[in-house]
Structures are given as structure tokens and as C-alpha cells.
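Asker: dropping the sequence and predicted coords here.
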Amino acid sequence: MSRDLLLLVARVLLSFMFIMAGFGKITDAAGTAGMIAGAGLPAPTALAYLAGLFELVTGLAVLVGFQVRIVGWALAIFCVFTGVVFHGSAINVPAFPPEANGWLSTLNQIMLMKNITLAGAYILLATVGAGAFSLDARRGAAVTA
């Protein structure tokens, strides 16, 4: 399989989560706003909609290969930030039994590791570029390492 085709497949896979999550936040921000409020950040509903818009737009940009160098770095920073802020600590819901809190804390730790791993993937994408099957290539701006 050609390198450019593999970059297209990678972009499709890397875009999926952010397109779906962004769309979900824009259409129903309540759950995200609750997480944002729980983290102590201000204006949780507004931030939920902004996060949704950011995720949807950057996910679509990765999918079509538009401004991948910039978008890759933006998503890497976003992944690290959200990983640390929302998944960087143990979960303790007072009404839950210790086993349930342990299970939730383990899932939260996995989410942190997922975010850190994705940050690496987006840095790699920003470094190698979008490939030939992209808007960046059509604009003459595709970066290939």
C-alpha cells in the first residue's frame, strides 16, 4: 500500500473520534458541561460548545487534510490538556462502592493514556503532513517528511 494511501487511512482513523465527539457536544452539551464544571473551569456550557466546535472543525480538517501541520499541533495540545485536566486523577463518587470507584478510576487512567497516545499521533501527523490525497496537497502545501 502506498505511503499516501496509508496517510489517508491514518487521517480517517484520527479524525473519527473528534468528528463524532464534536458533533455530540454541539447537539447535547449538558454532559460535557457537567464535566467542565466538575473540573472547576468557568462558563461550562459555553466551553462545552466551544470544545465541540473545536473538535468538529479540527476533526474535519484532519479528515480532508487541510492545514494538517497546524491542526495536528492544536489537537496534540488539546489532547494533553484534556487528558491532564479531566482524566489525571482518581474518581471518587461518594455514593458508589469502592469497587465501582476503582473501576471508574482505572477507566479514567486509560482515558489519560489514550489522550497522551493520541497527542503523539497528532504530532507525527503534523510532522509528516497530510500526504497526496489531501486539500493541503491540492493547495501545494502538503508536507511530507
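Answerer: Yes, it's here. Given the structure is predicted, the values throughout are model-derived calculations rather than measurements.

Asker: what's the following helix or strand after the longest helix that the chain contains?
Answerer: Secondary structure of the chain read by DSSP state H shows that its longest helix is helix 98-128. Using DSSP states H and E, the helix or strand that follows helix 98-128 in sequence is helix 135-138.

Asker: now that next one: buried residues?
Answerer: 135, 136, 137 (16 or more other Cβ atoms under 10 Å). Every C-beta, even on glycine, is put in place using the N, C-alpha and C of the backbone.

Asker: format those as a markdown table; extra columns: distance to residue 42 and pLDDT.
Answerer: Listed next are the buried residues of helix 135-138 as a markdown table, based on distance: Cβ to Cβ, whole Å; pLDDT from 0 to 100:
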| residue | distance to residue 42 | pLDDT |
| --- | --- | --- |
| 135 | 35 | 96 |
| 136 | 36 | 95 |
| 137 | 41 | 93 |
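
Asker: wait, residue 57 touches residue 22, no?
Answerer: Yes: contact criterion Cβ atoms under 8 Å: residue 57 and residue 22 qualify, at 7.3 Å.

Asker: who has more neighbours, those two?
Answerer: Between residue 57 and residue 22, residue 22 has the larger neighbour count (other Cβ atoms under 10 Å), namely 20 against 16.

Asker: okay, buried residues for the host helix or strand of that one please.
Answerer: Using DSSP H and E, the element containing residue 22 is helix 3-27. Using 16+ other Cβ under 10 Å as the test for burial, helix 3-27 gives 4, 7-8, 10-11, 14-15, 18-19, 21-22, 25-26.
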